[in-house]
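> model this:
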Amino acid sequence: MTTKALVVVTDGAEEMETVITIDVTLAGFNSDGPVKCSRNVVILPDRKWSEIDPNSFDAFILPGGLNAAKTFANSKEIGETLKQYEQSGKLIAVICASPIALAKHSIGLGRRITSHPSVSGEFTNQFKYSEDRVVNDGNLITSRGPGTAFEFALEIVRKLKGESKVEQIISPMILK
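Residues are numbered from 1 along each chain as shown. I've put the predicted structure just below:
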């Protein structure tokens, strides 16, 4: 069975957190063309958000970058998709500042999460906050930032494809 994951990218997304996780479909949000990331790297999404059915994927991934995180937190469409994924038990994976979208859309309340330290104060009452580099709480994976992007991506693979697939990936990439 083919497993499909969707990464959503918008202006201000953090480059490493986007690129390291994108052996998947990359959907441009609020853009019909190239997206300028947080450090001015330009990424061309595979498809426009309006052209996809986000519920046809097995995982929904939001990269960080403060401007992207704010866009995701303020988006009705992202909120609806997050709620549908949570209700159906599908994997939600969010990194860096983008867990603010979880708080804004009331996703994963009471569960363990982590985030970039700059937004950690947003979660103290709604979640069980951790300073771990990657937190996997069932179908909700969160991570801290660019320095944890490989660990985050591997945890997504572990959840979707299992430990043997993670082991296949680690060796040729020279990861620990």
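> so where's the protein shaky on pLDDT?
Applying pLDDT under 70 to the chain flags the ranges 1, 22-23.
> mind listing the strands for this structure?
5-9, 25-28, 35-36, 42-43, 47-48, 59-62, 91-95, 112-113, 128-129, 134-137, 140-143 (DSSP state E).
> need those strands in TSV (columns: mean neighbour count and distance to Lys76).
C-beta here means a position set from N, CA and C on the backbone, and glycine is covered the same way. What follows is the strands of the chain, written out as TSV (neighbours: other C-beta atoms under 10 Å; distance: least, C-beta to C-beta, whole Å):
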stretch	mean neighbour count	distance to Lys76
strand 5-9	26	14
strand 25-28	21	16
strand 35-36	18	20
strand 42-43	14	24
strand 47-48	13	17
strand 59-62	26	15
strand 91-95	26	17
strand 112-113	20	22
strand 128-129	16	26
strand 134-137	20	25
strand 140-143	27	21
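> TSV for these, including distance to Leu175?
Output for these, formatted as TSV (distance: least, C-beta to C-beta, whole Å):
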stretch	distance to Leu175
strand 5-9	19
strand 25-28	22
strand 35-36	27
strand 42-43	22
strand 47-48	29
strand 59-62	19
strand 91-95	17
strand 112-113	24
strand 128-129	27
strand 134-137	13
strand 140-143	15
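> tell me which of those strands lies nearest to Thr18.
Nearest of those to Thr18, taken as C-beta to C-beta: strand 5-9 at 5.4 Å.
> who are the packing partners of the closest one?
Counting contacts by 3 or more C-beta pairs under 8 Å, 6 or more residues apart in numbering; DSSP states H and E, strand 5-9 is packed against strand 25-28, strand 59-62.
> let's see it at 10 Å
helix 15-19, strand 25-28, strand 59-62, helix 66-73, helix 76-88, strand 91-95, helix 149-161 (3 or more C-beta pairs under 10 Å, 6 or more residues apart in numbering; DSSP states H and E).
> which one of the ones you listed lies closest to Tyr129?
In terms of C-beta to C-beta, the element of these nearest to Tyr129 is strand 91-95, at 13.7 Å.
> how far away from the center of its chain is the closest one?
In terms of C-alpha atoms, centre = their mean, to the nearest Å, the centre of strand 91-95 is set 4 Å apart from its chain centre.
> show me what that strand pairs with in its sheet, parallel or antiparallel.
strand 59-62 (parallel), strand 140-143 (parallel) (DSSP bridges).
> distance to Asp46 for those - can I get that in CSV?
Shown next, in CSV, are these (distance: least, C-beta to C-beta, whole Å):
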stretch, distance to Asp46
strand 59-62, 13
strand 140-143, 22
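> cool, thanks, talk later.
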